[in-house]
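S.K.: Sequence and predicted structure, then a few things I'm wondering about:
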Amino acid sequence: MSIPAFRFHECVSLVQPTGKKAADLYELRGGIGACPHGCLFHHTHQFFLKAEAVPMPYPNDFAVWADRDLHVPALAEHFALVDPYRLPDIETLRGVLIGIVDAYLQKYPAPRPVLPGSEFFFNDTRTIVLDTGYEAADLASFKENLGRVNPSVLYYHFFQARTRLHLPSDDFSIWIEDCLGLGEIAARIRRLDPYLLTLEELRRALLAIIEKP
């Protein structure tokens, strides 16, 4: 029986402004509570896709804004600790983010607003998935193509897959285990924490696992 090929897909994120913005933490809380799922996804999950073009010191847009524009690094650190890939759904993520803001406002109920032009702008997103034309039928061709595809391929198959599949897993390890029967390699891939890696660091980690099965 032939092995189903793994087809590599890339993705493009199209940003769609919502017209909503926040100048202080009360407005940020209201925006987080009311914005659509795609907006929260864009500012947290898709941060990893954006960070390849513009390196940032924090792993989501809320943390960046709290530090850079509000000048509250302690709050930024709390936002930075939120790992969206370990939460079951967007509504749980929404509740966690609101809880962080509420906890800060309990201690500091009169937060200062940001300067005009430094507001947090809520953006939604639309993701377009494209076939790269690359595919793999065995571990050797998988490794070869993994080393040449652009970073958005890794984002789609490893980061976004966790949300798309509603599993603590990814497209790479599922194919390697189910189609190639290499359960140990798949298990080692699943142990990688996507929240701690850039896309290029993830690529290197994946290649290292495949090279030393």
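M.R.: The structure has been received and is ready for your questions. Numbers count the residues shown, from 1 in each chain.
S.K.: what helix or strand does residue 200 sit in?
M.R.: Using DSSP states H and E, the element containing residue 200 is helix 199-211.
S.K.: Now do that helix: distance to the chain's middle.
M.R.: From the chain centre to the centre of helix 199-211 is a distance of 17 Å (CA atoms, centre = their mean, to the nearest Å).
S.K.: Can you give me the first-to-last residue distance of stretch 57-73?
M.R.: End-to-end distance for stretch 57-73, by CA to CA, to the nearest Å: 11 Å.
S.K.: helices and strands of this structure: which one has the lowest mean pLDDT?
M.R.: Taking mean pLDDT, DSSP states H and E as the measure, the chain has helix 47-50 as its least confident helix or strand, at a mean of 74.
S.K.: and it, what does it pack onto?
M.R.: With contacts taken as 3 or more CB pairs under 8 Å, 6 or more residues apart in numbering; DSSP states H and E, helix 47-50 sits against strand 6-22. Yep, even glycine has a C-beta here, placed from its N, CA and C like the rest.
S.K.: Give the pairing partners of the strand it packs on; include direction for each.
M.R.: Applying DSSP bridges to the sheet, strand 6-22 is found paired with strand 120-136 (antiparallel).
S.K.: What about the nearest residue to residue 195 once chain neighbours are set aside, how many residues nearby?
M.R.: Take residue 195 and drop its neighbours on the chain: the residue closest to it by CB to CB, 6 or more residues apart in numbering is residue 83, 4.5 Å away. Around residue 83 there are 16 other residues, counting by other CB atoms under 10 Å.
S.K.: cool, residue 21 as well?
M.R.: 15.
S.K.: Likewise for residue 93?
M.R.: Residues lying near residue 93 (other CB under 10 Å) number 23.
S.K.: buried residues in the strand or helix carrying it?
M.R.: Per DSSP H and E, residue 93 falls inside helix 90-107. For helix 90-107, burial by neighbour count (16 or more other CB atoms under 10 Å) applies to 90, 93, 94, 96, 97, 100, 101, 104.
S.K.: so where's this structure shaky on pLDDT?
M.R.: Along the chain, the parts satisfying pLDDT under 70 run over 1, 50-56, 213.
S.K.: could you say what helices and strands the helix holding residue 200 packs with?
M.R.: helix 139-146, helix 151-154, helix 183-190.
S.K.: Which residue, neighbours along the chain excluded, lies closest to the residue most central in space within the chain?
M.R.: By CA atoms, centre = their mean, the chain has its centre lying nearest to residue 45, at 2.7 Å. Counting by CB to CB, 6+ apart, residue 84 is the residue found nearest to residue 45 once chain neighbours are left out, at 5.2 Å.
S.K.: quick check: domain ranges of the chain?
M.R.: Annotated domains of the chain cover 12-124, 129-211 [automatic domain parsing].
S.K.: out of those domains, which comes closest to residue 3?
M.R.: Residue 3 sits nearest to domain 129-211 of all these, at 5.1 Å, using CB to CB.
S.K.: okay, how far is it across the closest one, tip to tip?
M.R.: The first and final residues of domain 129-211 sit 28 Å from each other (CA to CA).
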